[in-house]
Structure formats: C-alpha cells, structure tokens
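Colleague: Can you look at this prediction? I've put the sequence above it.
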Amino acid sequence: MAQPEDRDDAALVAEAAGGSQHAFRTLYRAYARPVYWIAHGLVGSAADAEEVTQETFLAAWRKLPGLELRSESLLPWLATICRFQCANRIRRLKRDREHTQAAVEETLPATIDVEEQVVTAGLVDRILEEVAGMSEIDREVFRLCAAEGYGYQAAADELGISHGAVRNRLSRVRAQVRTAIGTEGP
C-alpha cells in the first residue's frame, strides 16, 4: 500500500474532500511554505502573510468537495485562492487605515497655525536626519514603532528579533534623538 506522501495530489484531494484530516494535513505540509511566500510577496509583511496562508487553507478546506483538480499539483489552485485572500487583506488594511485617518482628522483643530507647522516640519526634518545616521536595524525599529505605530512584539516579529531587543533599541533611539534635537535650537 502506498504511503500518503507517495500519493499524488488528486488522491489526497479526493481523500481530504471526503473528510480525511490526515490527507489535508499532508497537503498543508506540502504547500504551506509556497503559499506563505506568495502571500508575503503580495502583502509585504510576515504577520499578514501568515494570516493569509491560514485563510487560504481554510478557504481551500471548504472548497475541496467541489474541486476537480486539473493539474498534477494543487499549488496553482491554492495560489489563486491566496491571491484573492491577499486582495481581500489589502482592501481591509486600506479601509482600516482610511477609517483611522478619518478618526484622526476629526480630532484635529479647526484652525491651523502656520508658524507651528513650520516649526514642527523643521523638528521632523531634524529627527529624520538623526535617524538616518543610525544603524539599519535602529532605523527599521524607529520606522516600525515610531512612524508606523507597531507594538514591540509586532515589530519584533517583522524584524525577526526579540521583543526586548526592540524595546531596548527604541529606547536608545529615542534618547539619541532627544539629545540631538534638545541641543539644537528650533
């Protein structure tokens, strides 16, 4: 009798469609990594790629009973599902950003002080200039945590370093920036 790893995708799909969790796990193990990398290339972040990979396989599990596999590999079908899941994720992220931006705009004052904007723009330029002289990892920690609002753990996951490393680096970056802009006049 052939081992599950020796069977072709069509046989595994038929078994999984019939409810075999073992067959589906075998398919998952075979294709999770390529699906992840497709997702990562489209959504650009490890956390979102992991979510899309899970969503892809969940959708695949639901659609397996009606699937007629037309190639030797399940990957083209999974890649199509993955692309749709990525498009959904990107739309959802964009919508969330727009709603967040709308909420921020509602809290902005009705009048704008031009002098304050000029001072603020100058301060931002000095901060960015200081950060530009830092190591690449410190610049990335600053970008993710200070500019994009990532939490320590999310930034750690994105950068492949520990939570503590992100916390310590960001603290050091903030201290360096405070020192640099505090010693200069506006």
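Modeller: Yes, it's here. Numbering: from 1, shown residues only.
Colleague: Okay, buried residues for stretch 60-70 please.
Modeller: Residues of stretch 60-70 classed as buried: 60, 64, 69 (neighbour count, 16 or more other C-beta atoms under 10 Å). Where you see a C-beta, it was placed from the backbone N, CA and C, and this is true even at glycine.
Colleague: Closest to residue 167 out of the residues you listed?
Modeller: residue 60 (38.1 Å; C-beta to C-beta).
Colleague: Mark which of the buried residues of stretch 60-70 are part of helices, please.
Modeller: If you go by DSSP state H, these have residue 60 in helices.
Colleague: I'd like the buried residues of stretch 60-70 laid out as JSON lines, including distance to residue 137.
Modeller: Below are the buried residues of stretch 60-70 laid out as JSON lines (distance: C-beta to C-beta, whole Å):
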{"residue": "60", "distance to residue 137": "37"}
{"residue": "64", "distance to residue 137": "43"}
{"residue": "69", "distance to residue 137": "45"}
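Colleague: The buried residues of stretch 60-70 into CSV, with extra columns for pLDDT?
Modeller: Output for those, formatted as CSV (pLDDT from 0 to 100):
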residue, pLDDT
60, 91
64, 88
69, 76
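Colleague: domains of this structure?
Modeller: The chain breaks down into these domains under automatic domain parsing: 4-98, 109-183.
Colleague: Go through these and find the least confident stretch.
Modeller: Lowest mean pLDDT within the domains of the chain: domain 109-183, a mean of 77.
Colleague: longest single helix anywhere in the protein?
Modeller: Longest helix in the chain, counting by DSSP H: helix 75-107.
Colleague: before we move on, the earlier item: out of the domains of the chain, which one sits most buried?
Modeller: Per residue and on average, the most neighbours among those fall to domain 4-98, with a mean of 16 (mean count of other C-beta atoms under 10 Å).
Colleague: Return the distance of it from the chain's centre.
Modeller: Here the centre of domain 4-98 is set off from its chain's centre by 17 Å, with C-alpha atoms, centre = their mean, to the nearest Å.
Colleague: thought residue 172 was touching residue 138?
Modeller: Yes: between residue 172 and residue 138 a contact is recorded at 7.4 Å, counting by C-beta atoms under 8 Å.
Colleague: tell me the contacts of the spatially most central residue of the chain?
Modeller: In the chain, the residue lying closest to the centroid (C-alpha atoms, centre = their mean) is residue 45, at 2.7 Å. Contacts for residue 45 (C-beta atoms under 8 Å, 6 or more residues apart in numbering) come out as residue 158.
Colleague: Ok, residue 65 next?
Modeller: Going by C-beta under 8 Å, 6+ apart, residue 65 touches residue 17.
Colleague: how near is residue 72 to residue 12?
Modeller: Plainly put, residue 72 is 12 Å away from residue 12 if you go by C-beta to C-beta, to the nearest Å.
Colleague: residues shared between the contacts of those two?
Modeller: By C-beta under 8 Å, 6+ apart, no residue touches both residue 72 and residue 12.
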